[in-house]
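Q: All I have is the shape, not the residue letters:
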């Protein structure tokens, strides 16, 4: 930002910065702090952690900003109105503590404006909700570009923002695999091959497609397991929300969750899926504009990309890895012990690149629901492809901050002290990367934008899961099993009741995830239990007409049981038997929680696949007439010849795959 523009922003936001000294000024004796001055300096304000304080962006005194590749810079405090001394450690939060950043009027104005828009969208769209299809599937009239951004934004919950930043700190650039091999290929596959089945069958949900392809018991099993997964995923977003507001604003952890859950509940009750989709588009842009300055300020502080690599090299060598283990994505996948993620290339490619990624993007109704709400088959197929472009670029918004945080904390980068808080067990609380960096870098005004972006991401994740839950509960559990034959008005009412129930269950799940120091590990474990075997079922169901209902149901049971068995016999390092595994005994210790999750997914997928094949071959084949529109070989191919070349799914998919391949090569 030009100096004049920055000064104008600073004056409007109510904070000041001393101008940078002339070149070489940092070396002059009068500009160098003496030992006496350092020891007698008043304590800085900041986040209290075990063993020290994490400073805020600017203290109440001038701060020397040194470091390789940057001129020394002194910055003045934001002002006494900007921050208060923080409370002591809170045992309930495991080492991180309650913060008390005092927001300025401009910050509160940004937050209030956002909440007004969110609720206003729900109020405006209430008039369009007249039937259950309006409430659950937006009447299937959403344009492709809106559905595409909502498709992307529905995945921008806590797992994307807090979880990926935490993984960036914990695993480094290897976290990019969750995007460039763990998302883009699966999104292209969904658009080109699977959306014709979902949209063409007119199924209202993924479990309903399983009923059409297999039988009622397969649908029921998936509906129950998926409902559990959405509750857990929504709980993760609520946990992250409460943690954020507790840390940055000093609000009570539980009260923060209840407040934000109430806002999400209100706008979904008002406008259904349509309200959630248009709010997700708003939240997408807020997240982009809220986190881009954080990345730029962090990179500047650490000395640019070269400075970040140098600091991460020190982080890697201090932990016994090669210097590039945190900054390269492919070079150290030859063995599990050579990289911080603790996986080798096969476990990553098979577990993440195939099983987990295709299982999530191709079968998770939370995601597929956005495409099913599109206005036509062509729009539904373009929806995932529209989302691939921002998905490719999001690692730079959510992973790089985590890499910067660990570089500043452990690698000696940056000119200002920065420390990630610890959990009660002494391990770094990587979930606090984004909240602590917001307090460290953002001034008033910009802090309000960043805080709003965080809240938007959490509410987006909560809303996406709740809308998926209310649809599956009503259409796939309540209607067929508990109250069949009722009118559409009754099921619309039940959808709203299910929305309330989903929010309450998610609040309960939020307290479970605090046992992990990285919520992404929790999510991948849930996916390994549910999505991994489900993908095997879908793969066989859509491309092998011999697969039958008994085989699918038995395969799902076997895959879930094998996932539980594998998890119960293994543990990540330094973990006690319990929620992280080992509750049946200990056969193997994995190098990391992520490695354990990936191999759990591989075993679950293989068990489901093999069991489905064997049982289907032993049973009766389904009649071919019943498979039209449900199996690839029995379905007419979509004719894209009339579409402009730039709108054809095959062309857009090839461009997306080429972009992902290029990024993998650049950051290999």
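A: That came in fine, so what should we check first? None of these values were measured; they are calculated from a predicted model.
Q: where in the stretch 351-500 of the chain is pLDDT low?
A: 411-416 (pLDDT under 70).
Q: Identify the residue spatially nearest to the residue nearest the centre of the chain, adjacent ones excluded.
A: Nearest to the geometric centre of the chain sits residue 160, at 1.8 Å (Cα atoms, centre = their mean). Closest residue to residue 160 apart from its sequence neighbours, by Cβ to Cβ, 6 or more residues apart in numbering: residue 398 at 6.2 Å. Every C-beta, even on glycine, is put in place using the N, C-alpha and C of the backbone.
Q: what sits against that neighbour?
A: Contacts for residue 398 were tallied using Cβ atoms under 8 Å, 6 or more residues apart in numbering; they are 160, 161, 164, 165, 168, 291.
Q: now it: how far from residue 250?
A: 25 Å (Cβ to Cβ, to the nearest Å).
Q: next SSE after the helix or strand encompassing residue 301?
A: Here residue 301 is covered by helix 253-302, with elements defined by DSSP states H and E. Next helix or strand after helix 253-302 toward the C-terminus (DSSP H and E): helix 304-318.
Q: Just name whatever secondary elements that following helix is in contact with.
A: helix 253-302, helix 400-410 (3 or more Cβ pairs under 8 Å, 6 or more residues apart in numbering; DSSP states H and E).
Q: And the longest one, how far out from the chain middle?
A: Here the centre of mass of C-alpha atoms in helix 253-302, compared against the chain's by Cα atoms, centre = their mean, to the nearest Å, lies 12 Å away.
Q: what pLDDT, on average, does it get?
A: Mean per-residue pLDDT for helix 253-302: 89.
Q: wouldn't residue 181 be in contact with residue 349 here?
A: Yes: if you go by Cβ atoms under 8 Å, residue 181 and residue 349 touch, sitting 7.0 Å apart.
Q: These two: which has the busier surroundings?
A: More neighbours surround residue 181 than the other of residue 181 and residue 349, with 21 against 17 (other Cβ atoms under 10 Å).
Q: Quick check: phi and psi on the more buried one?
A: Here is the backbone geometry of residue 181 (degrees, to the nearest 10): phi -120, psi -20.
Q: List the contacts of it.
A: 348, 349, 352, 353, 357, 660, 664.
Q: What is the nearest of the residues you listed to residue 211?
A: residue 357 (25.3 Å; Cβ to Cβ).
Q: Secondary structure element holding that closest one?
A: helix 357-363.
Q: for that helix, packing partners?
A: Using 3+ Cβ pairs under 8 Å, 6+ apart, helix 357-363 sits against helix 184-189, helix 365-372, helix 519-543.
Q: Pull out the buried positions in stretch 436-443.
A: 436, 437, 438, 439, 440, 441, 442, 443 (16 or more other Cβ atoms under 10 Å).
Q: Give me the angle between the helix or strand hosting the fourth one and helix 400-410.
A: Okay, so that is residue 439. Using DSSP H and E, residue 439 falls within helix 433-441. For helix 433-441 against helix 400-410, the angle by axes from the mean of the first three to the mean of the last three Cα atoms, to 10 degrees is 70 degrees.
Q: what's the angle from helix 433-441 to helix 253-302?
A: Using the same axes, to 10 degrees: helix 433-441 against helix 253-302 is 60 degrees.
Q: after helix 433-441 comes which helix or strand?
A: helix 446-472.
Q: hang on, the earlier thing: which of the contacts of residue 181 fall in helices?
A: When these are checked against helices (DSSP state H), the matches are 357, 660, 664.
Q: ok, and the most crowded of those?
A: Of the ones in helices among the contacts of residue 181, with other Cβ under 10 Å as the count, residue 357 tops at 26 neighbours.
Q: ok, that residue to residue 155 distance?
A: Residue 357 is 12 Å from residue 155, by Cβ to Cβ.
Q: Next: residue 120.
A: 24 Å.
Q: Which of these two has more residues huddled nearby?
A: residue 155 (23 against 12).
Q: if I look at that one, how far off is residue 215?
A: 30 Å.
Q: Check residue 560 too.
A: For residue 560, the distance to residue 215 equals 18 Å [Cβ to Cβ].
Q: who's in contact with stretch 229-237?
A: By Cβ under 8 Å, 6+ apart, stretch 229-237 touches 157-159, 163, 364, 366, 458-459, 461-462, 465-466, 468-469, 472, 502-503, 505-513, 519, 522-523, 526-527, 530-531.
Q: So among these, which ones count as buried?
A: Using 16+ other Cβ under 10 Å, the buried ones in the contacts of stretch 229-237 are 157-159, 163, 364, 366, 458-459, 461-462, 465-466, 468-469, 472, 502-503, 505-507, 509-510, 513, 519, 522-523, 526-527, 530-531.
Q: Are there helices or strands packed against the helix or strand where residue 212 lies, and which ones?
A: For residue 212, the host element (DSSP H and E) is helix 206-213. If you count contacts as 3+ Cβ pairs under 8 Å, 6+ apart, helix 206-213 packs onto helix 195-200, helix 216-249, helix 365-372, helix 519-543.
Q: So residue 203: helix, strand or coil?
A: coil (DSSP: H, G, I helix; E, B strand; the rest coil).
Q: and it, what does it touch?
A: Neighbours of residue 203 in contact, by Cβ under 8 Å, 6+ apart: 209, 212, 372.
Q: need the contact list for the first one.
A: Right, residue 209. Counting by Cβ under 8 Å, 6+ apart, residue 209 has contacts 197, 198, 201, 203, 630.
Q: Kindly indicate the member of these with the most neighbours.
A: Counting by other Cβ under 10 Å, top hit in these: residue 198 with 25 neighbours.
Q: I'd say that one and residue 206 touch.
A: Yes: under the criterion of Cβ under 8 Å, residue 198 makes contact with residue 206 at 7.5 Å.
Q: Please name the nearest non-neighbouring residue to residue 148.
A: Closest to residue 148 by Cβ to Cβ, 6+ apart is residue 386, at 2.7 Å.
Q: If you could redo that for residue 241, that was the one I meant.
A: Per Cβ to Cβ, 6+ apart, closest to residue 241 is residue 458, 4.1 Å.
Q: any idea how far that neighbour is from residue 506?
A: Taken as Cβ to Cβ, the span from residue 458 to residue 506 is 11 Å.
Q: list the residues that contact both of the two?
A: Contacts common to residue 458 and residue 506, judged by Cβ under 8 Å, 6+ apart, are 237, 238.
Q: wait, what's in contact with the nearest residue to residue 141 once chain neighbours are set aside?
A: Of all residues not flanking residue 141 in the chain, residue 375 sits nearest, at 5.0 Å (Cβ to Cβ, 6+ apart). The contact partners of residue 375, by Cβ under 8 Å, 6+ apart, come to 140, 141, 142, 143, 144.
Q: my read: the fourth one touches residue 380, true?
A: What that stands for is residue 143. No: using Cβ under 8 Å, residue 143 is not in contact with residue 380; the gap is 11.2 Å.
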